[in-house]
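Undergrad: how would this look folded up:
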Amino acid sequence: LELLKKPGTYEQLDSITKKLSEGLLEIAKDAGHAATGGYISAMFGMFFTGVPVHNFDDAKTCDLSKFTSFHRGMLERGIYLAPSQFEAGFTSLAHTEDDIDRTLAAAKEVISGIKP
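TA: The predicted model follows:
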């Protein structure tokens, strides 16, 4: 709890989550995939769909086979994400900038191997 009292703690958490979320979307779009998502504080999500996701019906438009390939590829590289397209991911203060960079590098490798 002492860590949470330190000035800048939540800003740090927001910063790494933003970097991860925006990085994943950029990587997916650069590889030719329709992708949408976002983040708030330590929670993030990415969907392989071209429509904004505001509810479960929107989320059901995502390409589950792409997510399955993405999830499997990330696991093979030691990156553990929520196993369902419909779950949020979370960062924590234990994650460093290097962790986020490594995650984005793995994501770029995996996503570039998924057919758009």
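Undergrad: for Glu22, what are its contacts?
TA: Tyr39 (CB atoms under 8 Å, 6 or more residues apart in numbering). C-beta: built from backbone N, CA, C; applies to glycine.
Undergrad: Could you pull up phi and psi at it?
TA: Phi and psi for Glu22, reported as degrees, to the nearest 10, are phi -70, psi -40.
Undergrad: Now do it against Glu76, distance only.
TA: Separation of Glu22 from Glu76 (CB to CB, to the nearest Å) stands at 24 Å.
Undergrad: can you pull the alpha-carbon coordinates of the worst-scoring helix or strand of the chain on mean pLDDT into PDB?
TA: Every helix and strand of the chain was ranked by mean pLDDT, DSSP states H and E. The lowest is helix 2-5, at a mean of 86. Taking C-alpha atoms only, helix 2-5 is exported to PDB below (Å, rounded to 0.1, in the frame of the first residue of the first chain):
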ATOM      1  CA  GLU A   2       2.900   2.300   0.600                       C
ATOM      2  CA  LEU A   3       3.800   2.100  -3.100                       C
ATOM      3  CA  LEU A   4       0.300   3.300  -4.000                       C
ATOM      4  CA  LYS A   5       0.800   6.400  -1.900                       C
END
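Undergrad: can you give me the helices for the protein?
TA: Listed in chain order, the helices of the chain (DSSP state H) span 2-5, 9-30, 56-59, 64-76, 97-112.
Undergrad: can you list the ones you listed in TSV and add distance to Phe44?
TA: Conversion of those to TSV gives the following (distance: least, CB to CB, whole Å):
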stretch	distance to Phe44
helix 2-5	20
helix 9-30	4
helix 56-59	14
helix 64-76	14
helix 97-112	11
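Undergrad: right, and the ones you listed - which one's nearest Phe86?
TA: When the helices of the chain are compared by CB to CB, helix 56-59 sits nearest Phe86, at 5.7 Å.
Undergrad: How about that closest one, which residues are buried there?
TA: Residues of helix 56-59 classed as buried by neighbour count (16 or more other CB atoms under 10 Å): Ala59.
Undergrad: Could you do stretch 74-86 as well?
TA: Within stretch 74-86, the residues scored as buried using 16+ other CB under 10 Å are 74, 79, 81, 85.
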